[in-house]
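Peer 1: Turn this into a structure:
(one chain, ligands or ions: 1)
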Amino acid sequence: MAEARRELAERSRAKAALIGARVAAVTVRDTKSRWGSCSATGRLSFSWRLILTPESVLDYVVGHEVAHLREMNHSQRFWTLCAQLTGDVRTPRLWLKANGARLLRYGEGGGEGGGEGGGEGAEMVSPANDGHAETP
Ligand SMILES: [Zn+2]
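Peer 2: As a prediction, this is how the structure comes out:
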């Protein structure tokens, strides 16, 4: 987990520097429904499970969230920025579509799913007001 955080934080800051953006903080947690999110205040949040994905996928998700530091939307300008930050956007997106949901649930015990779920959800950034979140 600490390793995942360092890797993701380093990559985020390097990419942010490329487009003159600033990362306020990088958080890594075990999110069950999304790979990353970006808040309006520049806080990036990632799933530690990204270290289980191919390197190109990890790179894409980091690039995607960093691009949101400049464009808090999925406009054409956003995708141009995204392509600047990560070489190939298409392949990782297809990979996530095919494998993403399964991998987010990988290793889940299954016993205590329902009870604690509400608390985790409340902690997440809401795309409607405070920022942006990915749906795989
Ligand atoms: Zn996005």
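Peer 1: For the chain, which segments count as helices?
Peer 2: 2-18, 55-67, 76-85, 90-105, 113-123 (DSSP state H).
Peer 1: Need the CA coordinates for the longest one. PDB is fine.
Peer 2: Included here for helix 2-18 are C-alpha records, laid out as PDB according to Å, rounded to 0.1, in the frame of the first residue of the first chain:
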ATOM      1  CA  ALA A   2       2.800   2.500   0.900                       C
ATOM      2  CA  GLU A   3       4.600   1.400  -2.300                       C
ATOM      3  CA  ALA A   4       1.500   2.000  -4.400                       C
ATOM      4  CA  ARG A   5       1.100   5.500  -2.800                       C
ATOM      5  CA  ARG A   6       4.700   6.500  -3.600                       C
ATOM      6  CA  GLU A   7       4.400   5.200  -7.100                       C
ATOM      7  CA  LEU A   8       1.100   7.000  -7.800                       C
ATOM      8  CA  ALA A   9       2.200  10.200  -6.100                       C
ATOM      9  CA  GLU A  10       5.500  10.400  -8.000                       C
ATOM     10  CA  ARG A  11       3.800   9.800 -11.300                       C
ATOM     11  CA  SER A  12       1.000  12.300 -10.500                       C
ATOM     12  CA  ARG A  13       3.500  15.100  -9.700                       C
ATOM     13  CA  ALA A  14       5.700  14.400 -12.700                       C
ATOM     14  CA  LYS A  15       2.600  14.500 -15.000                       C
ATOM     15  CA  ALA A  16       1.200  17.600 -13.400                       C
ATOM     16  CA  ALA A  17       4.500  19.400 -13.900                       C
ATOM     17  CA  LEU A  18       4.200  18.700 -17.600                       C
END
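Peer 1: Dead centre of this structure: give me the residue that sits there.
Peer 2: The residue lying closest to the centre of the chain (Cα atoms, centre = their mean) is Gly36, at 1.9 Å.
Peer 1: Outside of stretch 81-95 itself, list whatever touches it.
Peer 2: 15, 18-19, 53-54, 56-57, 59-64, 66-67, 70-71, 79 (Cβ atoms under 8 Å, 6 or more residues apart in numbering). C-betas here are computed from N, CA, C, even on glycine.
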